[in-house]
Every structure is written in C-alpha cells, then in structure tokens.
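Novice: Okay, predicted coordinates and the sequence, questions at the end:
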Amino acid sequence: GNSVTQMEGPVTLSEEAFLTINCTYTATGYPSLFWYVQYPGEGLQLLLKATKADDKGSNKGFEATYRKETTSFHLEKGSVQVSDSAVYFCALRGNAGKSTFGDGTTLTVKP
Amino acid sequence: EPEVTQTPSHQVTQMGQEVILRCVPISNHLYFYWYRQILGQKVEFLVSFYNNEISEKSEIFDDQFSVERPDGSNFTLKIRSTKLEDSAMYFCASIGLAGAPGEQYFGPGTRLTVT
C-alpha cells in the first residue's frame, strides 16, 4: 500500500533560518503530493501541492518539488518566522482519492 | 471559496453512548471521506464513500462505525458505542468537480472526547 515517511521532529529553528523537512513516499501509480499545516487546536490547512513529476508547489514562501526519481517531496523555506511554528504533514493521494499522511513534523521557531 | 463544514466542533460523550458526527460537503461533490487524528498523532483514513456506498475502509472502521448520506447535503459518521480510544479529531473531506476539480477539501474537524 501507499506510505509516507517524514523527517522526525521536533525541529527547532531561530527566526530567519532555512527550513527543510524531508518527505519520501511509496506509492503505486502516479499520486498527487501535498503538504498540510496544522496550528494548535485547529484543522488541516493545505499549504501546497504538486500533481505530477517535476512540479513545484509553492505558497507563503514554502516550496516543494515532486521528485519521482527519488520519490521525495521535501518542504523548504528560505527564512522562517515565529508564525510558521506548527505541525507540518506530508501526504499523498492516489487515484482512489484516499489520502495517506506522514507522522507530522513539529516546527518551533524562536525569535 | 467553497468549504466543507462539520458540526459540532466539539462533542463530549460518555463511554458506551452513540454519537453522530455531521458533515456538509461541498455542493455537487461526489466522493466523501472520514479521517481521524488522535491527539498528537498523524491523520488516519477511516472510510471513503461514493455513489451511496462505502468504496474503501480501513481496519479502524469496524462494526461500531457506520456512514450515511441521508439526504443530498449531509454526510454522517456514526459511532454506535463509543470507547475511550475513540477520542480524537474527526475530519470530513470531499472531492468533486466544484471548486478546483480533483481537489480534496477538508472540513475543520470535530473534536470527540469520550469520558
């Protein structure tokens, strides 16, 4: 079956530091890939997505590129802010529409 | 921007009681899903529903769970006899042609607390 492996957390960074959260996946076919963000006590917010190989998703300074050859979709941001502190989930969605999520990575950004 | 809505936002119930979690998917969406997130853990798939029947379910979705689309707008998850370990956030999602085609929209979640 499909699976998503995320870099273990928690991750603690200083403001303006560079962020990378690794995500690799196993899937049959050609899944779509997503990053979701979850703030404390809230639901899932779609951060960015990519639907085919070599697509780059981007939003609010975050980026991730769908790498089929390495089955990866790493999340990056050049300069994090305190307000980026949250839990980040990598996910894939197959043709049947079911989403499979990674374990989540907690990011804390300190001023 | 279309959105999925869920009610209630927080439900507290006693062990052994039945609960019904309600979702209103985006109008004209065709595929419906329930997911669960135990506090501090990842989001897990429960069930998918299409054409008025379950299309896939996980091993979590045992006989205590059922789903229904009683009318053209609501999609419900029923837990027949709640257990302490059912305490979690439950997310509804839908996919269809409204909004961005193929986009899966998640609701804000219902936090279920079983005491």
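Specialist: Perfect, thanks for sending it.

Novice: quick one: low-confidence ranges for chain B?
Specialist: For chain B, the stretches with pLDDT under 70 are B:97-101.

Novice: In it, which residue is most central in space?
Specialist: Central residue of chain B (Cα atoms, centre = their mean): B:W34, 3.4 Å from the mean position.

Novice: what's the closest non-adjacent residue to that one?
Specialist: Counting by Cβ to Cβ, 6 or more residues apart in numbering or on different chains, B:L46 is the residue found nearest to B:W34 once chain neighbours are left out, at 4.3 Å. C-betas here are computed from N, CA, C, even on glycine.

Novice: Spell out which residues of chain B are next to chain A.
Specialist: Contact residues, chain B versus chain A (Cβ under 8 Å from any Cβ of the partner chain): B:31, B:33, B:35, B:41-45, B:48, B:55-56, B:89, B:91, B:93, B:95, B:102, B:104, B:106-109.

Novice: which SS class is the residue nearest to the centre of chain B?
Specialist: strand (DSSP: H, G, I helix; E, B strand; the rest coil).

Novice: Isn't it up against B:L77?
Specialist: Yes. Judged on Cβ atoms under 8 Å, B:W34 makes contact with B:L77 at a distance of 5.0 Å.

Novice: List the residues that are in contact with both of the two.
Specialist: Taking Cβ atoms under 8 Å, 6 or more residues apart in numbering or on different chains as the contact rule, B:W34 and B:L77 both touch B:L21, B:C23, B:L46, B:V47, B:V67, B:Y90, B:C92.

Novice: returning to what we had before: host element of the residue nearest to B:W34?
Specialist: Taking DSSP states H and E as the definition, B:L46 sits inside strand B:43-50.

Novice: Next, the buried residues of that strand.
Specialist: Within strand B:43-50, the residues scored as buried using 16 or more other Cβ atoms under 10 Å in any protein chain shown are B:V43, B:E44, B:F45, B:L46, B:V47, B:S48, B:F49, B:Y50.

Novice: next one: stretch B:4-12
Specialist: For stretch B:4-12, using 16+ other Cβ under 10 Å, the buried residues are B:V4, B:Q6, B:Q11.

Novice: measure that stretch end to end?
Specialist: End-to-end distance of stretch B:4-12 (Cα to Cα, to the nearest Å): 22 Å.

Novice: which other residues reach it?
Specialist: So stretch B:4-12 is contacted by B:19, B:21-26, B:90-94, B:105-113, B:115 (Cβ under 8 Å, 6+ apart).

Novice: If I follow the layout properly, B:C92 ends up in contact with B:P25?
Specialist: Yes. The pair B:C92 and B:P25 passes the contact test of Cβ under 8 Å, sitting 6.9 Å apart.

Novice: Need the residues touching each of those two.
Specialist: Common contacts of B:C92 and B:P25, defined by Cβ under 8 Å, 6+ apart, comprise B:V4, B:F32, B:F75.

Novice: Sort out for me which of the shared contacts of B:W34 and B:L77 are in strands.
Specialist: Counted as lying in strands by DSSP state E, out of the shared contacts of B:W34 and B:L77, are B:L21, B:C23, B:L46, B:V47, B:V67, B:Y90, B:C92.

Novice: Filter those down to the buried ones.
Specialist: Using 16+ other Cβ under 10 Å as the burial test, these include B:L21, B:C23, B:L46, B:V47, B:V67, B:Y90, B:C92 as buried.

Novice: With respect to A:A96, which of those is nearest?
Specialist: B:V47 (12.0 Å; Cβ to Cβ).
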